[in-house]
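Q: the following block contains a protein sequence and its predicted model.
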Amino acid sequence: MAELQTTPTHPVRFRVHRRKAGDSGGRFDTFEVPLDEHRTVLDGLVAIRTGQDPSLTFRHSCFHASCGTCGMRVNGRDVLACVTKVADTGPDVTVEPLANLPLVSDLVVEMGAFYGPFDRAGRPLVRESELLPGGERAEGIDVLTRYEDCIECGICVSACPVAGSDSRYAGPAALAAAARVVLEPRDADAPAALRFADDEHGIWRCHVAYECTEACPSNADPGGHIMRLRRAATANRVRRWFGAGRAAR
């Protein structure tokens, strides 16, 4: 009988942010976890909670980058812990909660502040595939782009430099949701979505750093969508100005 091959493990040191409700300040606790090269940061956190400290709090669900619940900061980068391999982080792994969102406990942030603007953005419903079996692409369209790739993980808000300085900023995820409505309304209220975005705390507050797009784990390109909204808003203003000019004449 062939001997089962196992991948050797090596100790990985985790520095994990800790802060519970009511604590006056945060701290970092250090844990050492034996992991092989295929394991992820989320695997390490699960091992810590099950084998060393059951009081550690963090969110997770799918383990394959679909649900977005395990967004956090690892060695200063905003990532999904479930697809961030410890082999790519170095011997030390510093884990912190997402930035620019209220802290609940340890690595858990309050997502209400993230989801709040979505309603005003005219958040679209889940849609069926644009190309069902036997379907055909519309004339002149060679590539179909999915605008629902956002998994609502909050990483773009954590990476955004404006979100950290302006609590009224709508945020890249909500603005990208508004762009999806404006670009492809399908019975949604596109004018209302554009009014929401065309605001001093909306698309015009963005500094065009594209940190949101760089950090996005599902390639939803929130920064690009904000620029598309700016073009749409500018065109809409020009139409209104020309319309007002004709009316005056």
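A: Good, I have the coordinates. Numbering: from 1, shown residues only.

Q: from here on, just use CA atoms for contacts and neighbour counts.
A: OK.

Q: show me what contacts residue 196?
A: Contacts for residue 196 (C-alpha atoms under 8 Å, 6 or more residues apart in numbering) come out as 120-121, 178, 202.

Q: so which of those residues is the most crowded?
A: residue 178 (33 neighbours; other C-alpha atoms under 10 Å).

Q: checking that residue next. Helix, strand or coil?
A: Recorded secondary structure, residue 178: helix (DSSP: H, G, I helix; E, B strand; the rest coil).

Q: switch to numbering from 28
A: All right, first residue 28 from here; so that's residue 205.

Q: quick one, what contacts it?
A: 145, 148-150, 220-221, 223-224.

Q: turn these into CSV, columns for pLDDT.
A: Shown next, in CSV, are the contacts of residue 205 (pLDDT from 0 to 100):
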residue, pLDDT
145, 85
148, 81
149, 75
150, 61
220, 92
221, 94
223, 94
224, 95
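
Q: of those residues, buried ones?
A: For the contacts of residue 205, a burial check counting by 16 or more other C-alpha atoms under 10 Å picks out 145, 148-150, 220-221, 223-224.

Q: can I get the residues you listed in TSV including distance to residue 123 and secondary structure?
A: Listed next are the buried ones among the contacts of residue 205 as TSV, based on distance: C-alpha to C-alpha, whole Å; DSSP: H, G, I helix; E, B strand; the rest coil:
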residue	distance to residue 123	secondary structure
145	25	helix
148	29	coil
149	32	coil
150	29	coil
220	33	helix
221	35	helix
223	32	helix
224	30	helix
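
Q: for those residues, which one is nearest residue 36?
A: Within the buried ones among the contacts of residue 205, proximity to residue 36 (C-alpha to C-alpha) peaks at residue 145, which comes in at 43.4 Å.

Q: what's the closest non-adjacent residue to that closest one?
A: Leaving aside its sequence neighbours, residue 145 sits nearest to residue 201 (C-alpha to C-alpha, 6 or more residues apart in numbering; 5.1 Å).

Q: now do the strand or helix carrying that neighbour: distance to the chain's middle.
A: Taking DSSP states H and E as the definition, residue 201 sits inside helix 199-210. Taking C-alpha atoms, centre = their mean, to the nearest Å, the mean C-alpha location of helix 199-210 is offset from the chain mean by 13 Å.

Q: got it, and stretch 58-77?
A: 23 Å.

Q: tell me which residues in that stretch are buried?
A: 58-60, 62-63, 66-75.
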